[in-house]
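Engineer: okay, here's the prediction I keep looking at, along with the sequence it came from:
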Amino acid sequence: MPSMLNTRLLSAGVLVSVSALALSACSPKPPKQLPPEPGPPVTNTMPAPAPVVPVGPAPGSQADFLASVNGRDTIHFALDKYDIDQISADILRVQAGWLLKYPGKKATIEGHADERGTRDYNLALGERRANSAKAFLVSLGVDASRLTTVSYGKERPVDTASTEEAWAKNRRAVTVTID
């Protein structure tokens, strides 16, 4: 019987060895190279859109006013006159449209005269021209409390020549918005 016992022991030993071998074949083997570290968490949200950079002047600014009225911030007058002609009326309508679009904005209307006449006469004429332009804007719906006037008479010419052409440029009312 010893041989049978040896065979059983041998069989049991072989069985244990085969089982151990089978289990060792199933055990995970370490990888040759480790995987990379995990990155930041991935979210499914869209990135914020890039800020829109405004093109052109800031809305409601003097530059916007000038751009909107195509540089027509000035009306002109005949010699010793302060009445609003058709060309000036059209310009003031455009200005009123902008002023009505921005009801919080105020404006100053500057009255000017040419160099002929006395200082006092030209100050009074510049004032009548500024007030005439203001009254026309008010008639178009612009609140009078938003408009102020100032007369510079002949003190601020745009053209300093002593010619009829220069004098015609200087007989004017200019609308300037207040920022």
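Structural biologist: Here it is on my side, so go on.
Engineer: if I look at Leu140, how far off is Arg116?
Structural biologist: 32 Å (C-beta to C-beta, to the nearest Å). All C-beta atoms are positioned from the backbone trio N, CA, C, and that covers glycine.
Engineer: again with Ala161
Structural biologist: Using C-beta to C-beta, Ala161 is found at 13 Å from Arg116.
Engineer: same deal with Leu99?
Structural biologist: Separation of Leu99 from Arg116 (C-beta to C-beta): 32 Å.
Engineer: compare these two (neighbour count), which wins?
Structural biologist: When Leu99 and Arg116 are compared on other C-beta atoms under 10 Å, the one with more neighbours turns out to be Leu99, at 24 against 14.
Engineer: find the residue closest to that one in space, skipping its chain neighbours.
Structural biologist: Val142 (4.8 Å; C-beta to C-beta, 6 or more residues apart in numbering).
Engineer: that neighbour - that's part of a helix, no?
Structural biologist: No - going by DSSP: H, G, I helix; E, B strand; the rest coil, the assignment for Val142 is coil, not a helix.
Engineer: for Pro103, see how far away it is.
Structural biologist: Taken as C-beta to C-beta, the span from Val142 to Pro103 is 9 Å.
Engineer: more neighbours: which of the two?
Structural biologist: Between Val142 and Pro103, Val142 has the larger neighbour count (other C-beta under 10 Å), namely 22 against 9.
Engineer: can you give me the strands in this structure?
Structural biologist: Listed in chain order, the strands of the chain (DSSP state E) span 74-76, 106-112, 147-153, 172-178.
Engineer: dump the ones you listed into JSON lines; add mean neighbour count, mean pLDDT and distance to Asp83 as well.
Structural biologist: Formatted as JSON lines, the strands of the chain follow (neighbours: other C-beta atoms under 10 Å; pLDDT from 0 to 100; distance: least, C-beta to C-beta, whole Å):
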{"stretch": "strand 74-76", "mean neighbour count": "20", "mean pLDDT": "97", "distance to Asp83": "11"}
{"stretch": "strand 106-112", "mean neighbour count": "22", "mean pLDDT": "98", "distance to Asp83": "13"}
{"stretch": "strand 147-153", "mean neighbour count": "18", "mean pLDDT": "97", "distance to Asp83": "16"}
{"stretch": "strand 172-178", "mean neighbour count": "21", "mean pLDDT": "97", "distance to Asp83": "12"}
